[in-house]
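Peer 1: pasting a predicted model and its sequence here:
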Amino acid sequence: MPFARVKSGSQAGADPAPARRSPAVGPAAASGAAGLAPLAGPGDGGEPLAPWWVAGDGRAALLAGDCLELLERLAPESVDVVFADPPYFLSNGGTTCQAGRRVKVDKGGWDRSRGADDNHAFNRRWLAACQRLLRPHGTIWISGTAHVIHSVGLALQQEGFKLLNDITWEKPNPPPNLACRTFTHSTETLIWAARDPKAKYHFDYATMRATNGGRQMKTVWRMPAPGRHEKLHGRHPTQKPLALLERVLQASCPAGGLVLDPFNGSGSTGVAALRLGLRYIGLEREPEYLALSARRLAEAALAVTAAGPAAPLRDADAVAAAE
Ligand SMILES: C[S@@+](CC[C@H](N)C(=O)[O-])C[C@H]1O[C@@H](n2cnc3c(N)ncnc32)[C@H](O)[C@@H]1O
């Protein structure tokens, strides 16, 4: 269900213990998002959407509420790239290692499993809703572990997407496996898919090749989990690294394009989009994460206004390959 909208010029929501305050959102913050066409609504007489937060320059917005409801209310064929990091359905009483200590896996109610069939039905619903929003050349990326990614792969095929690649994100610094009863989890999968089998989807092959030192970019990307410098505005339990998202967006989003993330979390996708000069809409239902995202996005928007788009971050392997 939607939350109260942020007033113009105010910080979004309250944060119990932010490590650092970002610059205040400018006076134009809630006044309009001219570059974000999907917010105009589905074009069937439905109301335009009122964002929870809008960047001062109108290039990014956050919508508060359940993505299944919100996605239906956005304009069709209006988004260039969807990046989705959905619930992994992992928080079911198991344990993991955090800072050398064994702790319960409890990322929040949103991450609890509802059983395999219901989890899969949920994946089919939000994927179909995203497919309606994609422009003809548009593509979708979904990240996940084994708990969710096989359901997502099946759902993509059932909904008529075209599978393009599965990327293995390898983390060079994973937490140790304290139970010593399985291998140490050190990878996640990203599936990349086009809207439909005939789609002439966008892929910046040349930039990917140049990033990889003139050799074709492969499907294993080695990148560390986000460090402290990416958590200056607060923490999210499943935050993705900016380098990973920048690679995704550089590869698949046309210049100036519009990126949407139905499971916005801490807003990493949006920060990466803004840094590359793209536009962004994020959907999130937890007020705490909306507030965190608004702080991160406001800072990124101001940095781009002041200095222009940033050079994309590179993983260690790409830097080595390019040298
Ligand atoms: C795996 S996290 C995404 C983390 C994000 N990629 C980042 O880098 O911070 C999933 C997020 O989706 C949100 N969420 C879960 N179910 C949702 C739903 N039905 N509608 C909107 N948001 C949802 C959760 O609150 C959580 O913040």
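Peer 2: That came through, no problem.
Peer 1: quick one, strands of the stretch 51-200 of the chain?
Peer 2: 53-54, 60-64, 79-84, 95-98, 101-104, 134-144, 162-170, 187-194 (DSSP state E, counting those that start in this stretch).
Peer 1: surely residue 42 is in contact with residue 73?
Peer 2: Yes: counting by CB atoms under 8 Å, residue 42 touches residue 73, with 6.2 Å between them. Just so you know, the C-beta spots here come from the backbone N, C-alpha and C atoms, and that holds for glycine as well.
Peer 1: doesn't residue 59 make contact with residue 298?
Peer 2: No: contact status for residue 298 versus residue 59: not in contact, 11.5 Å apart, counting by CB under 8 Å.
Peer 1: pick out the residue of this protein closest to the ligand.
Peer 2: Per CB to the nearest ligand atom, residue 265 is where the chain lies closest to the ligand, at 2.4 Å.
Peer 1: measure how buried that residue is and give me the count.
Peer 2: 21 (other CB atoms under 10 Å).
Peer 1: please apply the same query to the one 10 residues further on.
Peer 2: Neighbourhood size, residue 275 [other CB under 10 Å]: 21.
Peer 1: residues in contact with it?
Peer 2: Residues in contact with residue 275 (CB atoms under 8 Å, 6 or more residues apart in numbering) are 242, 246, 300, 303-304, 309-310, 312.
Peer 1: from the residues you listed, which is closest to residue 259?
Peer 2: Proximity of those to residue 259 (CB to CB) peaks at residue 246, which lies at 11.2 Å.
Peer 1: and that closest one, how close does it get to residue 273?
Peer 2: Distance from residue 246 to residue 273, counting by CB to CB, to the nearest Å: 9 Å.
Peer 1: the two: which is more packed in?
Peer 2: Set side by side, residue 246 and residue 273 show more neighbours around residue 273, with 30 against 23, by other CB under 10 Å.
Peer 1: quick one, the helix or strand where the more buried one lies and strand 79-84 angle?
Peer 2: Element membership of residue 273, judged by DSSP states H and E, is helix 268-275. Going by axes from the mean of the first three to the mean of the last three CA atoms, to 10 degrees, helix 268-275 is angled at 140 degrees with respect to strand 79-84.
Peer 1: going forward, count from 574.
Peer 2: All right, first residue 574 from here; so that's helix 841-848.
Peer 1: write out the residues of the stretch 774-896 of the chain neighbouring the ligand.
Peer 2: The stretch 774-896 of the chain has residues 809, 811-813, 836, 838-839, 841, 856-859, 862 near the ligand, with proximity defined as CB under 6 Å from any ligand atom.
Peer 1: what's the most distant pair in the residues you listed?
Peer 2: Among those, 813 and 858 lie farthest apart (CB to CB), at 18.0 Å.
Peer 1: which one of those two is surrounded by more residues?
Peer 2: Using other CB under 10 Å, the more surrounded residue of residue 813 and residue 858 is residue 813, with 25 against 19.
Peer 1: any idea how many residues pack against residue 691?
Peer 2: Residue 691 has 11 neighbours, counted by other CB under 10 Å.
Peer 1: mean confidence for whichever helix in the chain runs longest?
Peer 2: The single longest helix within the chain, with elements called by DSSP state H, is helix 860-880. For helix 860-880, mean pLDDT is 95.
Peer 1: same deal with stretch 823-833?
Peer 2: Per-residue pLDDT values over stretch 823-833 give a mean of 98.
Peer 1: repeat for stretch 693-708
Peer 2: Stretch 693-708 shows a mean pLDDT of 98.
Peer 1: can you check stretch 634-646 too?
Peer 2: What stretch 634-646 shows for mean pLDDT is 97.
Peer 1: I figured residue 729 hits residue 764, correct?
Peer 2: Yes: between residue 729 and residue 764 there is a contact under CB under 8 Å: 6.6 Å.
Peer 1: shared neighbours of the two, anything?
Peer 2: The contact lists of residue 729 and residue 764 share 715, 736, where a contact means CB under 8 Å, 6+ apart.
Peer 1: ok, so what distance separates residue 796 from residue 787?
Peer 2: Using CB to CB, residue 796 is found at 20 Å from residue 787.
Peer 1: neighbour count: those two, which is higher?
Peer 2: Between residue 796 and residue 787, residue 796 has the larger neighbour count (other CB under 10 Å), namely 21 against 9.
Peer 1: that one touches residue 817, doesn't it?
Peer 2: Yes: assessed by CB under 8 Å, residue 796 is found in contact with residue 817 at 5.3 Å.
Peer 1: overlap in contacts, the two.
Peer 2: With CB under 8 Å, 6+ apart, residue 796 and residue 817 have common neighbours residue 742.
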